[in-house]
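Asker: One predicted model, sequence on top.
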Amino acid sequence: MSVRVLSVASEVYPVIKTGGLADVAGALPLALKAEGVEVRTLVPGYPDVTNVIGTAEVVLQWPDFFGGAGRLLFGAVGELELFVLDAPHLYARAGNPYLTPEGVDWPDNGVRFAALGRIAADIGLGTVPAFVPDVVHAHDWQAGLAPAYLHYSGRPRPGTMMTVHNLAYLGRFPQDLLGRIGLPWESFALHGVEYYGQVSFMKAGLQLADHITTVSPTYAKEILDEEGGMGLAGLLRERAGALSGILNGIDIRVWNPATDPHIPGRFNARDLAARPANKAALQRRLGLEPFPDACLVGVISRLSWQKGLDLLLEELPTLLDEGMQLALLGSGDADLQERFSAAANADPERIGVFIGYDESLAHLIQAGADALVVPSRFEPCGLTQLCALRYGAVPVVSRVGGLEDTVVDIDDAADGAATGLKFAPVTPDRLAHTLRRMSTIFHDKAAWRRLQLNGMSTDVSWRGPAKQYADLYRRLVHLPA
């Protein structure tokens, strides 16, 4: 049975990206084609999007849409079919989609992303006759009002799904926002959009969508506890029968060491001979001493408390005492940025830091680092460890969320199927212990090569997850309005 799905996301790779949400929103629709699911993705018309969409078809237009003129465009970027909400008064802003140049939230983010949810609901209700979806699939808080608008429309509607990529971001706004965005006042209730006296877009989606997914099975369990539930654990426990954890994949065409245009030495699991050339290139790129026998540890991450990068800072002496090098790519908290930069300045031959994001460097770290460290305090799924498995960079991760689900610890695999190392609890001492353990294994070349090859043989594609999503969509099509 063919199914039509409207995917609603605030970013989508390769058009606009700030994090893993974009990767999922860009790759999942393509993987779903093999499952007989037709997907169009609705995204805001940021400058990066409208510049790429080019000669798009104008599907709808309004003289006044949430405070200014707006249009709905349709076009394609490669195989990705996009609806674009072109509303310059809301989205024509350079830089980060969510933050001002000063690094704080745009004050009208509530209106900006309510508009996205509203047009998603309109499409769901048949406003675009050429594409009437069977399911509206909302991603994270920015799309969380789409199920709410559909729920309160009082009209026959498509099935709805809400995917939680990170429950820490709830999309909270003052109660008086309701009067500006067209939701009825009755929605401001315990079983509506109300969250501790405010409006929460995330809570709205979790409460009112027909089905909820998270991006890993372990994270789906963690958010049922008070510690992981961000004030929504009770709601999620009530809706546990409508909650699924589906592990993310990665686009194995983009992340393929055999064809990757960003790396000098291409390789595969049958022949890793070219991999050392990438390590040497990475060392040159970051100004590190060209030690081929030093364990080069990679980090590609947002620099934040959630990601546990303060723990890695604390254990840099352990890393250096073991003769390792560090290659870090990331940005985030100003304090962490400054401290990592200071560490690199103090020991430039062994610590290389790039503050910001560079797609080419991300690929080079995966292809050239010996190990990739992800010491997150919580991690809904994580994508960097999936890329690391694909590229033969042994993942060293905390036992949380999707990290727990995707890496097999060497002590847990009696059959020799280990792919990396894991640690718990998430403390400096346990991280230090695991770094020392990693160093010992690294110098056992046969054991290290087994970890690399096991990781590279792991299926990290979207094939399995896409089938699970397709099965859920088909179930939702048969739900009553």
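Answerer: On my side now, so go ahead. Numbering: from 1, shown residues only.
Asker: which stretches of the chain have low pLDDT?
Answerer: For the chain, applying pLDDT under 70 flags the ranges 1, 479-481.
Asker: If we use 90, what do you get?
Answerer: For the chain, the stretches with pLDDT under 90 are 1-2, 18-19, 54-55, 94-95, 102-103, 179, 357, 411, 413-416, 478-481.
Asker: where's the nearest residue to I410 once chain neighbours are set aside, which helix or strand?
Answerer: Leaving aside its sequence neighbours, I410 sits nearest to A418 (CB to CB, 6 or more residues apart in numbering; 4.0 Å). Placement of C-beta: from N, CA and C, glycine included. Using DSSP states H and E, A418 sits in no helix or strand.
Asker: can I assume A418 is in contact with D412?
Answerer: Yes: A418 sits in contact with D412 when judged by CB atoms under 8 Å, with a separation of 7.1 Å.
Asker: In terms of packing, which of these two has more residues around it?
Answerer: A418 (22 against 10; other CB atoms under 10 Å).
Asker: hmm, who's touching stretch 235-247?
Answerer: Stretch 235-247 is contacted by residues 203, 206-207, 210-221, 223-224, 229, 381, 402, 405-406, 464-465, 468-469, 472 when judged by CB atoms under 8 Å, 6 or more residues apart in numbering.
Asker: repeat that with 7 Å
Answerer: For stretch 235-247, contacts defined as CB atoms under 7 Å, 6 or more residues apart in numbering pick out 206-207, 210-217, 219-220, 223-224, 229, 381, 402, 405-406, 465, 468-469, 472.
Asker: Mind splitting the protein into its structural domains?
Answerer: The chain breaks down by automatic domain parsing into domains covering 3-249+463-477, 275-456.
Asker: So the residue nearest to I410 versus F267, what's the distance?
Answerer: In this view, A418 and F267 are 21 Å apart by CB to CB, to the nearest Å.
Asker: Can you say which of the domains of the chain is nearest to W255?
Answerer: domain 275-456 (5.0 Å; CB to CB).
Asker: end-to-end on the closest one?
Answerer: Distance between the two ends of domain 275-456: 13 Å, counting by CA to CA, to the nearest Å.
Asker: Just the buried ones among the contacts of stretch 235-247, please.
Answerer: 206-207, 210-217, 219-220, 223-224, 229, 381, 402, 405-406, 465, 469, 472 (16 or more other CB atoms under 10 Å).
Asker: starting at the chain centroid, how far to the strand or helix carrying C387?
Answerer: Per DSSP H and E, C387 falls inside helix 384-391. Remark: helix 384-391 is offset 14 Å from the chain centroid, using CA atoms, centre = their mean, to the nearest Å.
Asker: packing partners for it?
Answerer: helix 359-368, strand 371-374, strand 394-398, helix 401-406, helix 445-456 (3 or more CB pairs under 7 Å, 6 or more residues apart in numbering; DSSP states H and E).
Asker: With adjacent residues omitted, what lies nearest to L288?
Answerer: Nearest one to L288, counting by CB to CB, 6+ apart, is G352 at 5.0 Å.
Asker: Please report how far that neighbour lies from G126.
Answerer: In terms of CB to CB, G352 sits 54 Å off from G126.
Asker: and the residue nearest to A281 when sequence neighbours are not counted, what does it touch?
Answerer: Sequence neighbours aside, P264 is the residue nearest to A281 in space, at 5.1 Å (criterion: CB to CB, 6+ apart). P264 is in contact with 277-278, 281, counting by CB under 7 Å, 6+ apart.
Asker: from those, which is closest to T41?
Answerer: Nearest member of the contacts of P264 to T41, counting by CB to CB, is N278, at 32.8 Å.
Asker: what's the distance between the closest residue to that closest one other than its chain neighbours and S457?
Answerer: Spatial nearest neighbour of N278, excluding adjacent residues (CB to CB, 6+ apart): G368 at 3.7 Å. Separation of G368 from S457 (CB to CB): 20 Å.
Asker: Compare those two (neighbour count), which wins?
Answerer: For the pair G368 and S457, the greater number of neighbours falls to G368 (28 against 12), based on other CB under 10 Å.
Asker: about what we covered before: burial of the residue nearest to L288, as a residue count?
Answerer: G352 is flanked by 24 other residues according to other CB under 10 Å.
Asker: Would you agree it is in contact with A344?
Answerer: Yes: under the criterion of CB atoms under 7 Å, G352 makes contact with A344 at 6.2 Å.
Asker: before we move on, the earlier item: cross the contacts of stretch 235-247 against strands and list the overlap.
Answerer: Among the contacts of stretch 235-247, the members found in strands (DSSP state E) are 211-214.
Asker: can I get these in TSV with distance to G182?
Answerer: Converted to TSV, these look like this (distance: CB to CB, whole Å):
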residue	distance to G182
H211	25
I212	24
T213	27
T214	29
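Asker: Quick check: the farthest pair among the residues you listed?
Answerer: So for the ones in strands among the contacts of stretch 235-247, where distance means CB to CB, the most widely separated pair is H211 and T214, at 11.3 Å.
Asker: what's the helix or strand where M438 lies packed up against?
Answerer: Assessed by DSSP H and E, M438 sits inside helix 428-442. Under the contact criterion of 3+ CB pairs under 7 Å, 6+ apart, helix 428-442 touches helix 309-314, helix 316-321, strand 421-423, helix 445-456.
Asker: Looking at those, which is nearest to R4?
Answerer: That would be, of the helices and strands packed on helix 428-442 and by CB to CB, helix 445-456, which comes in at 36.1 Å.
Asker: Check which residues of the closest one are buried.
Answerer: 448, 450-452, 454-456.
Asker: helices or strands next to that helix in the packing?
Answerer: Packing partners of helix 445-456 (3+ CB pairs under 7 Å, 6+ apart): helix 384-391, strand 394-398, helix 428-442.
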